[in-house]
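Visitor: turn this into a model:
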Amino acid sequence: MSGRKHRRAIGTASSAPFSEWKQTFTDPRLCTAIVDRVTFNAHIVETGTQSYRFAQPQRNHRR
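Guide: The predicted structure follows:
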């Protein structure tokens, strides 16, 4: 990430809010560093709590 961030955009997606990332990255310093790097000069787009992929099979199943 360090080398690419000055040349191109980096896109990431997560279904977990930042407050829950400590469950994945269990080392507190590592988690803080990752969140810091990901959010620095970032555009954060929150799409809501409803999963599009989770809802999609239910719609298809009803047809």
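Visitor: can you tell me the centre-most residue of this structure?
Guide: Among the residues of the chain, the one closest to the centroid is Ser14, at 2.8 Å (CA atoms, centre = their mean).
Visitor: which residue sits closest to that residue, ignoring its sequence neighbours?
Guide: Spatial nearest neighbour of Ser14, excluding adjacent residues (CB to CB, 6 or more residues apart in numbering): Trp21 at 7.5 Å. Just so you know, the C-beta spots here come from the backbone N, C-alpha and C atoms, and that holds for glycine as well.
Visitor: now swap in Ile34 and tell me
Guide: Closest to Ile34 by CB to CB, 6+ apart is Phe25, at 5.8 Å.
Visitor: could you measure from that neighbour over to Ala16?
Guide: From Phe25 over to Ala16 the distance is 11 Å, taken as CB to CB, to the nearest Å.
Visitor: would you mind putting the CA coordinates of stretch 23-41 into PDB?
Guide: Listed next in PDB are the C-alpha coordinates belonging to stretch 23-41 (Å, rounded to 0.1, in the frame of the first residue of the first chain):
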ATOM      1  CA  GLN A  23     -11.300  -8.600  15.900                       C
ATOM      2  CA  THR A  24      -9.500  -9.300  12.700                       C
ATOM      3  CA  PHE A  25      -6.300  -7.500  13.300                       C
ATOM      4  CA  THR A  26      -5.800  -8.500  16.900                       C
ATOM      5  CA  ASP A  27      -2.600  -6.600  17.600                       C
ATOM      6  CA  PRO A  28      -3.700  -3.100  18.700                       C
ATOM      7  CA  ARG A  29      -0.800  -1.300  17.200                       C
ATOM      8  CA  LEU A  30      -1.200  -3.100  13.800                       C
ATOM      9  CA  CYS A  31      -4.900  -2.400  13.800                       C
ATOM     10  CA  THR A  32      -4.400   1.300  14.500                       C
ATOM     11  CA  ALA A  33      -1.700   1.600  11.800                       C
ATOM     12  CA  ILE A  34      -4.000  -0.100   9.200                       C
ATOM     13  CA  VAL A  35      -7.000   2.100  10.000                       C
ATOM     14  CA  ASP A  36      -4.800   5.100   9.900                       C
ATOM     15  CA  ARG A  37      -3.300   4.300   6.500                       C
ATOM     16  CA  VAL A  38      -6.700   3.300   5.000                       C
ATOM     17  CA  THR A  39      -8.500   6.400   6.200                       C
ATOM     18  CA  PHE A  40      -5.800   9.100   5.600                       C
ATOM     19  CA  ASN A  41      -7.000  11.300   2.700                       C
END
